[in-house]
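Peer 1: the amino acid sequence is not available; the structure is as follows:
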């Protein structure tokens, strides 16, 4: 009788242990299925918040007289939930660079860093509003862009590096096709060729011609010009500014002058 009771007791313990083990296995399988179906992992991905301020860059660059020139315009947009007051922007300023002009801002240079600050009239930028400022610099290397930029101590993305400026020269040549005289004026008919002797396609070109008070342009085709003190500035039309490396474009002009020995000369050739 005692033996029978012992056997029954052992069987009951086995049944209880079996139910316990089965429960653990069932719970484990259920949890695994739940995690798989819900795509739950052990990592938590946090969505990075957008910077409270945004800078938009427009950078125009060209080459002239052995230097690279950059015209930089920056728009500040306030994406925060409060007014941006008394902004200041810092960025790298290489030692081979000099600033020529600035607008809608003041600036200071120290330890290869330039700091732009607001003017009295654009220091506060409302929520969702923007303001802009700009500057022009000269550079000897041709690789300037806005680098290591921050606004009021908050680091922001750099501007994109500009397209490489062509290396080499643009050469202007004049061919006199005819000339004539009327009263005391001499007329010279020139075919002018703009030769791209750089290693890249240029997008536009311009140059100066030094004139005295008795000399001027009578007519011009396939180019445009403006008159300044003692010179004219000749530049491309919209359709012939681009010249491939090694290529050229030609335009025609008639110059009238009282100088019987007039010889044209291009100076301050600018291209980009």
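Peer 2: The structure has been received and is ready for your questions. On a predicted model such as this, the values are computed, not experimentally measured, just so you know. Numbers count the residues shown, from 1 in each chain.
Peer 1: what about residue 53, neighbour count?
Peer 2: Residue 53 has 19 neighbouring residues, counting by other C-beta atoms under 10 Å. C-beta: built from backbone N, CA, C; applies to glycine.
Peer 1: end-to-end on stretch 135-144?
Peer 2: 13 Å (C-alpha to C-alpha, to the nearest Å).
Peer 1: same check on stretch 231-244?
Peer 2: End-to-end distance (C-alpha to C-alpha), stretch 231-244: 28 Å.
Peer 1: what residues of it count as buried?
Peer 2: Neighbour counts over stretch 231-244 (16 or more other C-beta atoms under 10 Å) mark 231, 232, 234, 236, 241, 243 as buried.
Peer 1: and for stretch 143-159?
Peer 2: 144, 145, 146, 149, 150, 151, 156, 159.
Peer 1: tell me which of those is nearest to residue 267?
Peer 2: Distances from residue 267 to the buried residues of stretch 143-159, taken as C-beta to C-beta, are shortest for residue 144 (25.3 Å).
Peer 1: so who does that closest one touch?
Peer 2: By C-beta atoms under 8 Å, 6 or more residues apart in numbering, the contact list for residue 144 reads 61, 68, 70, 94, 97, 137, 162.
Peer 1: and residue 57, what element?
Peer 2: In this assignment (DSSP states H and E), residue 57 forms part of strand 53-64.
Peer 1: what's that strand in contact with?
Peer 2: Here strand 53-64 makes contact (C-beta under 8 Å, 6+ apart) with 68-80, 84, 89, 142, 144-146, 149, 151-152, 154, 156-157, 159-160, 162-163, 165-166, 268-272.
Peer 1: of those residues, buried ones?
Peer 2: Among the contacts of strand 53-64, the ones that count as buried by 16+ other C-beta under 10 Å are 68-70, 72-74, 76-78, 84, 89, 144-146, 149, 151, 156, 159, 162, 165-166, 269-272.
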